[in-house]
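J.: Everything below, folded, please.
(one chain, ligands or ions: 1)
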Amino acid sequence: MTERQSSADRDSGIRRGPAAAERRGPARTGRPSRPSRPTVDLARKAAYEAIAAVHRDDAYANLVLPAILRDLGLHGRDAAFATELTYGTLRARGTLDAIVAAAAGREVERIDPPTRDALRLGAYQLLHTRVPAHAAVSSTVDLVHVVAPGATGFTNAVLREITTKDLDTWVAELAPPMETDPIGHLALAYSHPQWIVRSFAEALGGDLAETTRLLIEDNERPPVHLSVRPGRADAVELADEVGGAPGAFSPYAVYLSGGAPGDLAAITDGRAQVQDEGSQLVATALATAPVDGSDTRWLDLCAGPGGKAGLLGSLAAQRGATLTAVEVAEHRARLVSQAVRGLPVTVLATDGRSVGSDPDLPEATFDRVLVDAPCTGLGSLRRRPESRWRRQPSDLPPLTRLQRELLSAALRAVRPGGVVGYVTCSPHTVETHVTVTEAARRSGVPVDFVDARPLLPAGMPGLGDGPTVQLWPHRHGTDAMFLALLRRG
Ligand SMILES: C[S@@+](CC[C@H](N)C(=O)[O-])C[C@H]1O[C@@H](n2cnc3c(N)ncnc32)[C@H](O)[C@@H]1O
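T.: Now for the predicted structure:
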């Protein structure tokens with residue numbers, strides 16, 4: 001593949017990265033360029049490669065894209081453009097596929113994968129960006145010339161058909177009517193699978209206007225949230241240091257406006273970590289819930305990679321408590337060990353369900369227990385652009401079984417008068433209310449719900465009727481974390 005500054009780059013104001021300039025051999029040597037040879041600009045090449053890797057290799061965009069950008073020497077505005085194209089195309093895939101299928105006159109499954117991904121990328125530029133139509137079409141045809149040489153005519157025809165209508169017109173034409181099929185309509189219009197839209201609507205009490213606001217928020221790129229380590233840094237000072245803003249709710253939160261958080265001194269020297277504000281709030285609520293009697297032995301039963309263990313460990317250090325952090329996956333247990341270095345935390349690479357049989361996890365012992373359960377992650381779709389298309393309803397039964405078993409283990413581990421926090425990064429009611437009710441009913445341990453709302457910052461809106469709390473991206477700017485607090489009688 002050769003690279004040049006495409007007309008799309010000029011039209012969209014994207015400048016060449018230095019690596020691209022270096023590769024422009026013919027111009028530097030004065031040799032005539034070969035106009036017939038297909039050329040692909042680097043930002044689109046990066047986006048295409050990332051999208052193809054996600055679909056072909058089950059790669060994660062947030063892991064694969066930085067490596068591709070590095071390989072291609074892209075940074076600054078080029079890297080930002082490539083990132084927008086990659087994340088945007090992956091998020092919008094549902095809507096784009098419906099439009100591509102209509103324009104092509106065939107299901108997208110019947111288009112070969114390289115052409116299909118290139119068409120998605122081209123359609124995204126046409127319908128969701130200000131890249132001029134001629135530039136979006138010509139750059140995509142150039143790309144297809146390289147990745148699927150026989151399909152340039154087809155690509156040109158499909159994209160030209162797409163240019164005949166704007167996004168709203170396509171959606172009005174292709175989505176089922178809101179009046180008769182609201183879930184189908186919202187799914188197509190806002191690019192989510194129907195089963196996920198249905199689960200959001202149910203968790204929001206059937207309020208379709210609010211469901212729509214949530215879907216819109218899921219399609220935005222969220223700011224990076226940092227959490228300062230209590231005792232090691234202060235959120236207002238860190239916000240100053242990194243050019244961010246203190247969080248709206250968590251006393252430990254800092255919102256970053258851009259940049260790579262991994263490069264920040266505060267992260268590398270252990271004063272702060274990347275952590276959604278919702279995670280900070282639920283961990284802090286567990287740490288501040290009233291318990292009767294002693295308060296020195298804390299347990300995190302699903303700790304990897306160590307975000308909440310890092311925050312809880314810092315709070316435990318300030319309060320003379322210790323934390324046992326359990327993680328079944330060895331490599332994730334190692335990440336926990338790194339995250340809690342210097343804190344009064346013991347990491348156990350074992351199954352959290354072994355409470356009672358593992359001598360390090362005795363029954364009726366711990367004052368505070370966190371179950372941050374493995375879940376579908378439907379509450380953080382905005383942070384993982386491809387995950388909405390990967391998750392399936394069939395993921396739910398094995399996950400909810402595991403959630404119930406882990407929560408039962410937590411209820412065995414907590415001592416009478418102590419408190420268990422059950423947390424998911426999913427608002428799906430089967431993973432939240434159903435799991436909690438079922439586990440509490442079957443555990444054989446007497447438990448009462450603790451109202452979680454007063455344990456969140458005063459004045460926080462939209463916390464519902466209690467006793468559990470469901471946070472929302474569109475209400476709170478956090479991931480959709482769920483928290484139930486249970487006190488053992
Ligand atoms: C939602 S993540 C926890 C996130 C973590 N608390 C944090 O804040 O960084 C759930 C974790 O539970 C782990 N897990 C799954 N099954 C487990 C089990 N039976 N016992 C212990 N950990 C388990 C998964 O490997 C995963 O790391």
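J.: How about the contacts made by Arg457?
T.: Actually, residue 457 is Pro. It isn't Arg. For Pro457, the contact set (CB atoms under 8 Å, 6 or more residues apart in numbering) comprises Phe249, Ser250, Pro251, Leu281. Just so you know, the C-beta spots here come from the backbone N, C-alpha and C atoms, and that holds for glycine as well.
J.: which one of those sits closest to the ligand?
T.: Leu281 (12.3 Å; CB to the nearest ligand atom).
J.: Give the burial count for that closest one, as a bare number.
T.: Leu281 has 27 neighbouring residues, counting by other CB atoms under 10 Å.
J.: Name the nearest residue to it, sequence neighbours excluded.
T.: Ser250 (5.3 Å; CB to CB, 6 or more residues apart in numbering).
J.: Pull the contacting residues for that neighbour.
T.: Ser227, Ala235, Glu277, Gln280, Leu281, Thr284, Pro457.
J.: Is Val54 in contact with Ala61, as I believe?
T.: Yes. Val54 is within contact range of Ala61, at 5.4 Å (criterion: CB atoms under 8 Å).
J.: okay, and the common contacts of these two?
T.: Common contacts of Val54 and Ala61 (CB under 8 Å, 6+ apart): Leu90, Glu386.
J.: Now whatever residue of the stretch 101-250 of the chain ends up closest to the ligand. Its backbone dihedrals?
T.: Closest approach between the stretch 101-250 of the chain and the ligand, counting by CB to the nearest ligand atom: Ser227, at 10.2 Å. With angles defined as degrees, to the nearest 10, Ser227 sits at phi -120, psi 120.
J.: distance of it from Gly247?
T.: Distance, Ser227 to Gly247, by CB to CB, to the nearest Å: 9 Å.
J.: about what we covered before: three-state assignment of the residue nearest to Leu281?
T.: Secondary structure assignment for Ser250 (DSSP: H, G, I helix; E, B strand; the rest coil): coil.
J.: Over to Pro177?
T.: State at Pro177, reduced to three classes by three-state DSSP: coil.
J.: Pull the contacting residues for the residue nearest to it when sequence neighbours are not counted.
T.: Closest residue to Pro177 apart from its sequence neighbours, by CB to CB, 6+ apart: His185 at 6.5 Å. By CB under 8 Å, 6+ apart, the contact list for His185 reads Ala175, Pro176, Pro177, Met178.
J.: Can you tell me which of those are classed as buried?
T.: Ala175 (16 or more other CB atoms under 10 Å).
J.: Let me have the contacts of His185 in CSV, adding distance to Leu90 as columns.
T.: CSV is the format used below for the contacts of His185 (distance: CB to CB, whole Å):
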residue, distance to Leu90
Ala175, 20
Pro176, 24
Pro177, 27
Met178, 25
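J.: Show me what from this protein comes close to the ligand.
T.: 279, 302-308, 326-329, 332, 351-353, 372, 374, 402, 406 (CB under 6 Å from any ligand atom).
J.: switch the cut-off to 8 Å
T.: Within the chain, the positions lying close to the ligand (CB under 8 Å from any ligand atom) are 275, 279, 283, 300-310, 326-329, 332, 336, 339, 350-353, 370, 372-375, 377, 402, 405-406, 423-425.
J.: now those: which count as buried?
T.: Buried subset of those (neighbour count, 16+ other CB under 10 Å): 275, 279, 283, 300-310, 326-328, 332, 336, 339, 351-353, 370, 372-375, 377, 402, 405-406, 423-425.
J.: Find the nearest non-adjacent residue to the spatially most central residue of the chain, please.
T.: Ranked by distance to the mean C-alpha position of the chain (CA atoms, centre = their mean), the top residue is Arg383 at 2.6 Å. Using CB to CB, 6+ apart and skipping the chain neighbours, the partner closest in space to Arg383 is Pro222 (6.1 Å).
J.: On the three-state scheme, the one you found is what?
T.: Classified using three-state DSSP, Pro222 is coil.
J.: just the helices in the stretch 101-250 of the chain please.
T.: Here the stretch 101-250 of the chain has its helices, by DSSP state H, counting those that start in this stretch, at 113-128, 133-147, 152-162, 167-174, 182-189, 194-203, 208-218, 235-242.
J.: so which of these gets nearest Arg388?
T.: Among the helices of the stretch 101-250 of the chain, helix 194-203 comes nearest to Arg388, with 6.0 Å by CB to CB.
J.: okay, now the nearest residue to Arg213 once chain neighbours are set aside: neighbour count?
T.: Sequence neighbours aside, His474 is the residue nearest to Arg213 in space, at 4.3 Å (criterion: CB to CB, 6+ apart). Using other CB under 10 Å, the number of residues around His474 comes to 18.
J.: and if you look at Thr169?
T.: Neighbour tally, Thr169, other CB under 10 Å: 10.
J.: buried stuff in stretch 310-324?
T.: Buried, per 16+ other CB under 10 Å, within stretch 310-324: Gly310, Leu311, Leu312, Gly313, Ser314, Leu315, Ala316, Ala317, Ala321, Leu323, Thr324.
J.: Take those residues and keep only those in strands.
T.: The strands, defined by DSSP state E, take in Leu323, Thr324 from the buried residues of stretch 310-324.
J.: Make CSV out of the buried residues of stretch 310-324 and add pLDDT and distance to Thr39.
T.: Formatted as CSV, the buried residues of stretch 310-324 follow (pLDDT from 0 to 100; distance: CB to CB, whole Å):
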residue, pLDDT, distance to Thr39
Gly310, 97, 47
Leu311, 98, 49
Leu312, 98, 53
Gly313, 98, 53
Ser314, 97, 52
Leu315, 98, 56
Ala316, 98, 58
Ala317, 97, 57
Ala321, 98, 61
Leu323, 98, 56
Thr324, 98, 58
